[in-house]
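Colleague: Dropping the sequence and predicted coords here.
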Amino acid sequence: MSAGPPAAGATPPAPSGQRVLRVDLVSDVVCPWCYVGWRAFQIAAASLPEIPVRVAFRPFQLDPDVPSEGVDRQARLLAKFGGDAQRLAASGAAVAEAGREVGISFDFARIERMPNTLDAHRLLRWASGAGLGAPMAETLFRAYFCEGEDMTSRATLTGLARGIGMDGAVVRDLLATDADREAVLADINHARTMGVTGVPCFIFDASLAVIGAQSVDRFTRAIETAWAAGGTAGQVSAPGDGG
């Protein structure tokens, strides 16, 4: 796929032979804690320029039963919280506060539909193949959580892809097919067989697992630890999940 020039935020190629810290980020684009965690991780990584990091985005679906046309988001979340509107509001407020700490202005009131995220994950897969995974992930998160874009619309997804330099016509035509659908579903199943039950989940060098939306400081320590250890397994947990 022709993607045009690299966009800001794309992971630059490392010099030949240079060690790079590989980070597999398992996430779903309708998970607000995934957005918070992604932003916090980016801030932490930027503070450690001496440690080259390469992020591979891995798909996950918190609610795979959502139909392709989507569902009413508020009603779906209210049902998830057992009809407890106060608990749902408190959860949203906690996410919004965490978002502000990493520069995210969540605007949940603008979101009408909760989409099935399979198409978004296909798009992120294609963007990653073109070296545009990071800007595509940021664009998808921002479009949904801050701008209330309808992620059930393939026209919307095509426009977002075009906005980071991808070939809109190619993306539009691919979305109209089942291209990479089975590959994405296989990746989701692989994450579950690995024991991933909630997101975000950051896996450093296939060894250190950081689960949930950590603080910038904790991500910084995780990056430093994984870089120094070069393969020592471990796990750190924090809030995650939710749509």
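Modeller: Looks like it arrived, so ask away. Quick caveat, the model's predicted, so the values are computed rather than measured.
Colleague: May I see the buried residues of stretch 117-135?
Modeller: Under the neighbour-count criterion of 16 or more other CB atoms under 10 Å, stretch 117-135 has 117-128, 130, 132-135 buried. From N, CA and C alone the C-beta is placed, and that goes for glycine too.
Colleague: ditto for stretch 73-91
Modeller: Neighbour-count burial for stretch 73-91 [16+ other CB under 10 Å]: 73, 77, 88, 91.
Colleague: do the same with stretch 20-29
Modeller: Applying 16+ other CB under 10 Å to stretch 20-29 flags 21-29 as buried.
Colleague: Kindly report the same for stretch 211-228.
Modeller: Buried-residue list, stretch 211-228, by 16+ other CB under 10 Å: 211-216, 218-220, 222-223, 226-227.
Colleague: quick check: mean pLDDT across that stretch?
Modeller: Per-region confidence: stretch 211-228 scores 96 on mean pLDDT.
Colleague: Tell me which helix or strand in this structure has the weakest average pLDDT.
Modeller: In the chain, no helix or strand scores lower on mean pLDDT, DSSP states H and E than strand 234-237, which sits at a mean of 46.
Colleague: circling back to that earlier point, which one of the buried residues of stretch 73-91 sits closest to T158?
Modeller: R73 (21.9 Å; CB to CB).
Colleague: so what's that closest one up against?
Modeller: The neighbours of R73, taking CB atoms under 8 Å, 6 or more residues apart in numbering as the test, are 111-114, 243.
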